[in-house]
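Engineer: Whatever this is, show me its structure:
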Amino acid sequence: MYLEDGRALNRSNLGYCGMLVLIAREIPEQHKRLRTWLEDLSDRTAPFCEFDIRGLSDEHRQTFWTAAARAGVIIRAKYGGDAMPSNAWAAENLLHLLRMHSSIVAGEPPSALNDLDMTTPYSGMPEDLQLLWRDATA
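Structural biologist: Coordinates of the predicted model:
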C-alpha cells in the first residue's frame, strides 16, 4: 500500500488484508462502495490486494483515514494500548499504518518510517472502486 508521500506499507498478506477488514468495518454506510472495495481487496492475494491511497478521491481518502483511526481506537481498547499479542497481525499492521500516517501529518520525510528503502511516485491512475473480484451482493 502506498501512502500520500510515496512511502509504503509492505507487510505480510495475512496481516495486511486483516487490517483492511478492520478498517472496512468502520466505514459508514454512506461510503458503502469504498467499504465493499476494501473488503474485496482483503480477499485477494498479493499483489492484487495492494493499492495507492493517492488514487482515492479526497473524500474517500479522508473516510479511509477516519475509519482507520476508529479501528485503531477499538484495537487499543481491546488490547489495552499499543502492545499487541504476537499473533495479532492485523492489529499490528493497523497500528503501524496509523504511525506512518501520523509521520506524514507531522511533516516527517518518508524515510522516517517506510517499509521500503525508497519512495514510489504516484502513477496518476485513480483507484477503481467498481472493480470487484467477487459479487458485491453475495
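Engineer: C-alpha from now on. contacts and neighbour counts both.
Structural biologist: OK.
Engineer: quick one: the helices in this structure?
Structural biologist: Residue ranges of the helices in the chain, as given by DSSP state H, are 13-24, 32-42, 58-79, 89-105.
Engineer: got the angle for the first one vs helix 89-105?
Structural biologist: Helix 13-24 and helix 89-105 are oriented at 70 degrees to each other (axes from the mean of the first three to the mean of the last three Cα atoms, to 10 degrees).
Engineer: Just want the angle from helix 13-24 to helix 58-79.
Structural biologist: Orientation check (the same axes, to 10 degrees): helix 13-24 against helix 58-79 gives 110 degrees.
Engineer: Give me the most central residue, the chain.
Structural biologist: By Cα atoms, centre = their mean, the chain has its centre lying nearest to Leu20, at 5.6 Å.
Engineer: mind listing what Met84 touches?
Structural biologist: Shown in contact with Met84 (Cα atoms under 8 Å, 6 or more residues apart in numbering): Ala91, Glu92.
Engineer: if we go to 6 Å?
Structural biologist: Going by Cα atoms under 6 Å, 6 or more residues apart in numbering, Met84 touches no other residue.
Engineer: Same question for Glu39.
Structural biologist: Neighbouring residues of Glu39 by Cα under 6 Å, 6+ apart: Val21.
Engineer: at 10 Å instead, please
Structural biologist: The contact partners of Glu39, taken as Cα atoms under 10 Å, 6 or more residues apart in numbering, are 17-18, 20-25, 33, 49, 132, 134, 136.
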